[in-house]
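Visitor: Compute the structure for the input listed below.
(2 chains)
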Amino acid sequence: MKLITAVVTPPEFETIKKALDIFGITGLTITEVFQRDLTGANHDQIYRGQRFHVDLLPHIRIELVTANHDTTDILHIITKLTSPRGCAENIWITPVETLTRVRTGERGTDAL
Amino acid sequence: MNPYPPWLNAGDNAWQLVAATLVGLMSIPGLAILYGGIVQRKWAVNTMLMAFTGFSLVLLVWVLWVFNMGFGSPLKLGPGILSNFVGKPAPILGHATQAQAQIPLLNGTMPLFRFPLSTLAYFQFVFAGITPLLFLGSVVGRINFKAWLIFVPLWSTLAYSVNAFLLWGGGWWAQHGSLDYSGGYVIHLAAGTSGFVAAAVIGPRLARDRARAIPNNLPMAAAGAGILWLGWNGFNGGDPYFAGADASTAVINTNLATAAALLVWVVLDMWFGIDRKPTFLGAVNGMITGLVAITPAAGYINGFGALLTGLIASTLVWLSWNKLSKVKPFSKVDDALGVVHTHGVAGLAGGLLVGLFADPSIIVYLGSGSTANVSYAGLLYGNPKQLLWQAGAALTIIVWDALITFLILKFLSLFMPLRLPNEVLETGDLAVHDEEAYPIDTLVRAEGTRPPSALPRSTTTAAPQTQPTSPNPTSSS
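Guide: You can find the predicted model right below:
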């Protein structure tokens, strides 16, 4: 099993969620995070004449655990729907030792 | 020495200034935070700024020319309605504003004013000022800020002046006996009509924004809504121009109709709403509907009439909001906050209901000697013509305001885009103003200051870095 972690923009997240839904991938966990913007599309805010620089922008971190044989497909879906913004580390995959569904006690891929 | 000219009554003047201030509070902060709280998080600053600038712009044109267009001597434009359509534009900036107030065409139809012209001008300004802020609700979330700054003074000059003159300045419809106690037509029907037309001409918000038009701060909306309700005591209570018995009638009628309308909306939501659940924003809609519907009627009808006005108007507007909004042309136009329903339909309903419920025993001004009491009768009291005059005035307002709004916006569109570009709409406040409603201080750094890590150890504060308070990035991009 693999844990796929992707950091995407909020609009991208909406389309990714819909696409994963279509492919039957319904289980996912998200966190609201801030990512250092590498594209230069960051912005300034001005309060009472003082300029403030903001280079951390709101993003959504998607985390989902999947069976090994689905990993490439899911990676493909997310990559296709993520605009090339220059962030190379948008998606990363880590091995998962085990998974337990607390309600039923199922283990491993049965718990997906 | 004496501070009071012989014609001035301290009580009347004091009440009129307090009433005017109450109405002013309905605009700022009332509408600014009601709308500012209901719109998406990314539009709160833009919405509040448009409210504050709109209010300011109207006051400037008001004292320079619009007041006299609404309440001055008639400008003879032609025969019939054109002879009493709008007043002659003139500034009110001189010392004459300390003299006794008067509305030339109303001399003899009401008691002489007991306060100075400045009081009348300011009292009438706060009504003129709130009207563009009301239809702001139709166009939030996409109107070009520059276009707003030009549209508001033009609209006050060409549309509001005519509305006010026709019904309050002694113009053609006032002469025929059409009634509008406090602005059911002049303000609310006008705002509903203009907002709807403006929303159609400017174009819709982003599809994604329409699909997720979630409010950013309901407690702030509650504060704004509460200020609107109680501010309405000045809105309707100030309109007899005297702190007399009719002002008291108007105030209690206003509150009665509003309470009834609010409760009707909540009950309708519970019985027939999408989820059969009572909602807070539904209650606010019901409240506004009641306030708007009683506005043209407040001091002309009795308590039964007020109660019925609240019940009927709230039912009608609930149907309009939930059913009419699904059919063309309402379904085609992105009236963001539904102003056409809660102000347009409610104002129209209230204005027509005056034609039914106006009670001749409710005395607006007492007669003296040979002159009779001033009061009005509706259809239910044997005067069916009143309903006709109400319908005629409503039609005039709808046609004129729709036309003027359309023409002004088409004219402005020759020089500037009326709608902000899509990429600006994606970001909202930050793209337009470089400000946002809920900035996160842990993520920003003042330009020109060194990052904290570069500071010598002795100058860094001992306070631990706090976690950012849960931001909601999904609605800010």
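
Visitor: residue contacts, residue 92?
Guide: Went with chain A since none was named. With contact set as C-beta atoms under 8 Å, 6 or more residues apart in numbering or on different chains, residue A:92 has these partners: A:4-6. From N, CA and C alone the C-beta is placed, and that goes for glycine too.

Visitor: actually it's chain B I care about, not the one you picked
Guide: B:63, B:67-68, B:117, B:121.

Visitor: cool, residue B:398 as well?
Guide: Counted by C-beta under 8 Å, 6+ apart, residue B:398 has contacts B:189, B:193.

Visitor: Any buried residues in the one helix or strand it maps to, and which?
Guide: For residue B:398, the host element (DSSP states H and E) is helix B:385-412. Within helix B:385-412, the residues scored as buried using 16 or more other C-beta atoms under 10 Å in any protein chain shown are B:386-387, B:389-390, B:393-394, B:396-398, B:400-402, B:404-405, B:408-409, B:412.

Visitor: Among the contacts of residue B:92, which one has the most neighbours?
Guide: Neighbour tally across those (other C-beta atoms under 10 Å in any protein chain shown): the maximum, 27 neighbours, falls on residue B:67.

Visitor: who touches whatever helix or strand that residue lives in?
Guide: Following DSSP H and E, one finds residue B:67 within helix B:67-71. Helix B:67-71 is contacted from outside by B:75, B:86-92, B:103, B:120-121, B:124-125, B:128, B:157, B:160-165, B:168-169, using C-beta under 8 Å, 6+ apart.

Visitor: Pick out the residue in chain A sitting closest to chain B.
Guide: residue A:58 (2.5 Å; C-beta to the nearest C-beta).

Visitor: Write down the beta-bridge partners of that residue, one by one.
Guide: Taking DSSP bridges as the rule, residue A:58 bridges to residue A:34.

Visitor: Return the residues in contact with the most far-flung residue of chain A relative to its centre.
Guide: Distance from the C-alpha centroid of chain A, by C-alpha atoms, centre = their mean, peaks at residue A:49 (36.7 Å). Contact analysis of residue A:49 by C-beta under 8 Å, 6+ apart lists nothing.

Visitor: which residues sit in contact with the closest residue to residue B:201 other than its chain neighbours?
Guide: Closest residue to residue B:201 apart from its sequence neighbours, by C-beta to C-beta, 6 or more residues apart in numbering or on different chains: residue B:409 at 4.5 Å. By C-beta under 8 Å, 6+ apart, residue B:409 lies in contact with B:147, B:151, B:197-198, B:201-202, B:418.

Visitor: Which pLDDT value goes with the residue of chain A closest to chain B?
Guide: Residue A:58 is assigned 83 on the pLDDT scale.

Visitor: That one is in contact with residue A:34, isn't it?
Guide: Yes - at 6.0 Å, residue A:58 counts as touching residue A:34 under the criterion of C-beta atoms under 8 Å.

Visitor: Tell me the backbone dihedrals of residue A:7, please.
Guide: Taking degrees, to the nearest 10, you get phi -110, psi 120 for the backbone angles of residue A:7.

Visitor: How far off centre is stretch A:49-61?
Guide: Distance, stretch centre to chain centre, for stretch A:49-61: 20 Å (C-alpha atoms, centre = their mean, to the nearest Å).

Visitor: And stretch B:192-201, by the same measure?
Guide: Computed by C-alpha atoms, centre = their mean, the separation of stretch B:192-201 from the middle of its chain amounts to 14 Å.

Visitor: where do the strands sit along chain A?
Guide: A:2-8, A:29-36, A:43-47, A:50-54, A:56-66, A:91-95 (DSSP state E).

Visitor: between the longest one and strand A:43-47, how big is the angle?
Guide: Put plainly, it is strand A:56-66. Calculated by axes from the mean of the first three to the mean of the last three C-alpha atoms, to 10 degrees, strand A:56-66 forms an angle of 130 degrees with strand A:43-47.
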